[in-house]
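Student: Got a sequence here, can you build the structure:
(one chain, ligands or ions: 1)
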Amino acid sequence: MTATIRYGLLGWPVKQSVSPQMQGTGFRALGIDASYELLPIEPEHFDQRIPELIRDGFAGWNITIPHKGPMLRHLDEIDPVAAQAESVNTVCNRDGRLHGWSTDGFGLERAVNEAFNVKIAGGTFVFWGTGGAARATATHFAHHGARSLTLVNRTVAKAEALGESISRFAPDCELRILSPADDDALRGTFADCSAIIQSSSVGMDGTSLSIPAALLAAGMNVMDMIYKQTPLLKAAAQLGCNTADGRAMLLYQGVKSFEIWTGRDAPVDAMRAALDTALDA
Ligand code: NAP
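Tutor: Okay, the predicted model is just below:
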């Protein structure tokens, strides 16, 4: 009898994650005997746990906050875009050698395409918030031919650092760095972009508005990376914007991880249904 293949999610905390339901459903739908375990690891124990995971026979894992950067130092091979973004969320253990990717950018790309029929190549995008998620996804967008990126962040120095990193490998991508207080420049940029990506953590509490409603107008494409209906999405919908939350991004980053691990096409519909059930519970 063959042993169950083990996968998991490393993070701190991880208990709120719905990835076990999504990935577990995917494995069952294809008849793959695999488990997906939550692996809470405190930051101070992270380095010692990686060799233990290899020893315990884990075939691969996802990584979430705060380990996406620290994972890099344990990899034997890394996808160039993940290296550029200094962020890894998917690891494959191939005979003890660890290979790393970031699938967040792919997830956002598919989500934006599905929601707004917008392609990344040649597109113009605003990222509102430049933390870890924006770092991984904006880097992916630049790598895949975005014509222009506007990076907006409360701490402008962080947006500048991301912009410098992107401009080193994507010199043709036009970059603009703005503060949330740059009203006039923001208004012009919003009026002329393919999609606005809300990538800060503001709005997770269900009450705080991230992007001022005064910047929005009917017909704009507004995506919030947060998985649920946020005050931003409610305000944007009332103003006639096209809106989407972060569920599809979550789905497609998981789909890509699944395909990296199994080498098979993921059962997307089954995984989406499992995700919806888990998030709506
Ligand atoms: P992070 O690294 O902690 O970054 C947080 C970002 O939010 C920073 O840009 C930060 O600005 C900004 N921010 C936090 N509090 C703020 C406030 N009070 N006012 C203004 N800006 C504020 O987090 P992350 O990993 O990038 O995640 C960001 C969001 O994306 C989270 O809501 C997360 O759930 C979501 N996400 C979704 C997916 C998905 O699959 N849908 C994947 C990853 C993340 P400063 O730099 O100024 O602190």
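Student: residues near the one residue in the stretch 51-200 of the chain that gets nearest to the ligand, how many?
Tutor: Residue of the stretch 51-200 of the chain nearest the ligand, by C-beta to the nearest ligand atom: G131 (1.8 Å). All C-beta atoms are positioned from the backbone trio N, CA, C, and that covers glycine. Taking other C-beta atoms under 10 Å as the criterion, the count of residues near G131 is 17.
Student: List the contacts of it.
Tutor: The neighbours of G131, taking C-beta atoms under 8 Å, 6 or more residues apart in numbering as the test, are K158, S199, S200, S201.
Student: now do 10 Å
Tutor: By C-beta atoms under 10 Å, 6 or more residues apart in numbering, the residues touching G131 are I65, N153, T155, K158, L162, S199, S200, S201, M225.
Student: end to end, how far does stretch 198-213 reach?
Tutor: One end of stretch 198-213 sits 13 Å from the other (C-alpha to C-alpha, to the nearest Å).
Student: Same question for stretch 148-156.
Tutor: Counting by C-alpha to C-alpha, you get 18 Å between the two ends of stretch 148-156.
Student: Which stretches in the stretch 1-150 of the chain count as strands?
Tutor: If you assign secondary structure with DSSP state E, counting those that start in this stretch, the strands in the stretch 1-150 of the chain sit at 5-11, 34-40, 58-63, 77-78, 90-94, 97-101, 124-128, 148-152.
Student: want to try CSV for the ones you listed, with mean neighbour count, mean pLDDT and distance to V18 as columns?
Tutor: Formatted as CSV, the strands of the stretch 1-150 of the chain follow (neighbours: other C-beta atoms under 10 Å; pLDDT from 0 to 100; distance: least, C-beta to C-beta, whole Å):
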stretch, mean neighbour count, mean pLDDT, distance to V18
strand 5-11, 22, 98, 10
strand 34-40, 17, 97, 11
strand 58-63, 23, 98, 12
strand 77-78, 16, 98, 27
strand 90-94, 20, 97, 17
strand 97-101, 19, 98, 21
strand 124-128, 24, 98, 24
strand 148-152, 25, 98, 29
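Student: Make TSV from those strands and add distance to the ligand to it.
Tutor: Formatted as TSV, the strands of the stretch 1-150 of the chain follow (distance: least, C-beta to the nearest ligand atom, whole Å):
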stretch	distance to the ligand
strand 5-11	11
strand 34-40	16
strand 58-63	11
strand 77-78	19
strand 90-94	13
strand 97-101	15
strand 124-128	8
strand 148-152	9
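Student: Report the contact partners of the residue nearest to T103 when sequence neighbours are not counted.
Tutor: Leaving aside its chain neighbours, T103 sits nearest to K256 (3.8 Å; criterion: C-beta to C-beta, 6 or more residues apart in numbering). Residues in contact with K256 (C-beta under 10 Å, 6+ apart) are N89, T90, W101, S102, T103, D104, G105, F106, G107, E109, R110, A266.
Student: pretty sure D79 contacts L72?
Tutor: No: using C-beta atoms under 10 Å, D79 is not in contact with L72, being 11.0 Å away.
Student: Give me the common contacts of the two.
Tutor: Jointly contacting D79 and L72 under the rule C-beta under 10 Å, 6+ apart are A85, V88, G100.
Student: Okay, and the beta partners of the residue nearest to R176 when sequence neighbours are not counted?
Tutor: Leaving aside its chain neighbours, R176 sits nearest to T150 (4.5 Å; criterion: C-beta to C-beta, 6+ apart). For T150, the beta-bridge partners are V126, R176 (DSSP bridges).
Student: Pull the contacting residues for T150.
Tutor: With C-beta under 10 Å, 6+ apart, T150 has these contacts: 124-128, 138, 159, 163, 174-178, 182, 185-186, 188-190, 193, 196.
Student: And these, which of them are buried?
Tutor: 124-128, 138, 159, 163, 175-178, 182, 186, 189-190, 193, 196 (16 or more other C-beta atoms under 10 Å).
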